[in-house]
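In: Next come a sequence and a model predicted from it.
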Amino acid sequence: MQNPELTNEASGWLACPECGSTNLRATPLEGPDGERFVRVWCRDCDEQGFFEIPEFPEDAVLEDWPAETVGTLQHEWREWHQWKNRHLHPRWPGPVERWVGRLLITGILGVALLLVVDQIQLFGVILEDGAIRQQHIENYRQQLRRSPCLSPAMLHTLSNVPIRYTRERAVHGNFIQYGEAGVYWGEEQIKIHRSNFWFFGTPKTGQLVNTLIHEARHRTSPALGHSAQFHLLVNRDTECVLNQWD
């Protein structure tokens, strides 16, 4: 069933979301099962909207619509208009936005590739300069020896126990090895694995410092093993050293 057409001047409520005009036509409609709708269109630009209004009683007329419901209808019409324009007239990115997007994608892919290659190098399939890495280790050792964070016993270990870079495989199953103290099987040296370095040879500062302190603590306090006390001491010393690292 279709009710008589009413104008916006009669009801004094809606504004067209396209042109802002209040010169509108509104036609209340009723569906076959009693559903209530309203069709609204603008006389100036022909913008249209069609909405369900189930909250109104059967004898309600346009002039009697509550202000709150009219506000909701205006909001729905505006949202529908914006959604329609977004899909009918999409805004394509300009040259600057396209380049920013490309640079962002390139950056993400570059970081992902860096991490993948860094994991591959743990298997020793990438060429490396062991002498340069050994020099990095010596530089870190000398800086640790000057740190006020370490006990005299730890400083003695770092000064007197040989520390060597090793090309031995750093991956064992699901386990990545960073260093070996050697104290538990009679070796007189500390081994540092390639997992402490990026594939291009630069040390991972936090990791290498932690490994050196970790292995030096094993040689200084072998009875601690990997106990909670051992990890507490290693974490404390590492945090202190890194806070003062150059």
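Out: Thanks, I have the structure now. Residues are numbered from 1 along each chain as shown.

In: So if we follow the domain assignment, how does the protein break up?
Out: 6-88, 92-123, 127-243 (automatic domain parsing).

In: Just say which of these is most tucked in.
Out: Highest mean neighbour count among the domains of the chain (mean count of other CB atoms under 10 Å): domain 127-243, with a mean of 16. C-beta coordinates here come from the backbone N, C-alpha and C atoms, glycine included.

In: What's the mean pLDDT across that domain?
Out: The average pLDDT for domain 127-243 rounds to 89.

In: The protein: helices as residue ranges?
Out: In the chain, helices defined by DSSP state H lie at 8-11, 67-88, 95-120, 130-145, 152-160, 205-220, 228-243, listed in chain order.

In: Which one of these lies nearest to residue 22?
Out: For residue 22, the closest of the helices of the chain is helix 8-11, at 5.2 Å, according to CB to CB.

In: Just give me the residue closest to the centre of the chain.
Out: residue 108 (11.2 Å; CA atoms, centre = their mean).

In: What separation is there between it and residue 115?
Out: When CB to CB, to the nearest Å is the yardstick, residue 108 and residue 115 sit 11 Å from each other.

In: Then residue 190?
Out: Using CB to CB, residue 190 is found at 27 Å from residue 115.

In: possible to save the helices of the chain as a markdown table with distance to residue 194?
Out: Formatted as a markdown table, the helices of the chain follow (distance: least, CB to CB, whole Å):
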| stretch | distance to residue 194 |
| --- | --- |
| helix 8-11 | 77 |
| helix 67-88 | 52 |
| helix 95-120 | 10 |
| helix 130-145 | 7 |
| helix 152-160 | 21 |
| helix 205-220 | 11 |
| helix 228-243 | 20 |
